Every structure is written in C-alpha cells, then in structure tokens.
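*Asks:* predicted model, plus sequence, below.
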Amino acid sequence: MNTPDWLNRNNIKITLDARPLLAQGIHPLEQVQQQAAGLMAGEVFEIITPFAPSPMIEKMAAAGFESHSESVTDGMIHTFFIKR
C-alpha cells in the first residue's frame, strides 16, 4: 500500500508504543481515542503494535479518522491516524 498524501511524518504529534500495554493485557483503544481527540487538523497520531489493529482502525474510522498502517519489521506495525 502506498503512503497516503496526508502522512507527513513531521506532523506526527503523538506516538504510542502499545506493545508493553498489550503484553500486560491492557487494550490501548480508550487511550488512543482520548489522545487522538485532541489533535488539531493535519496532526497525526501514531501507534506501534505487534499486529494490525483492525478493530481499532474501524472504531477510529467511525469517529472520523483516516488511517494508514505499515509493517516496519516482523512484529512491529506502525498505524497512523488523522482526522478527516
């Protein structure tokens, strides 16, 4: 998948590495929703997970966010969210 035009890495305002949370059995969805809600237009939220966070992507899309995921290495997926 090609990188979307809206993904400018200089506009990443929040990065959350969710792998430690997930290892503790904590789902980061609520934290992501709260933090991403405070973004200004054009700002990007990045989350790092060990798998594609499909349910999170669907919930964020329903809340008006576009997303893009990239597999950087085995076990590390970077997903980016921006308000539409």
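*Replies:* Perfect, I can see it now. Please read all numbers here as calculations on a predicted model, not as lab measurements. Numbering: from 1, shown residues only.

*Asks:* now the phi/psi pair for the residue sitting furthest away from the middle of the chain, please.
*Replies:* Largest separation from the mean C-alpha position in the chain: Q24, at 19.1 Å (CA atoms, centre = their mean). Dihedral angles of Q24 (phi, psi; degrees, to the nearest 10) stand at phi -90, psi 0.

*Asks:* where in this protein is pLDDT low?
*Replies:* Low-confidence segments of the chain, defined by pLDDT under 70: 1.

*Asks:* which residues in it form strands?
*Replies:* 12-17, 44-49, 65-73, 76-83 (DSSP state E).

*Asks:* and the contacts of the second one?
*Replies:* The one in question is strand 44-49. Residues outside strand 44-49 that contact it (CB atoms under 8 Å, 6 or more residues apart in numbering): 6-9, 11-19, 22, 28, 32, 35-36, 39, 53, 56, 76-82. From N, CA and C alone the C-beta is placed, and that goes for glycine too.
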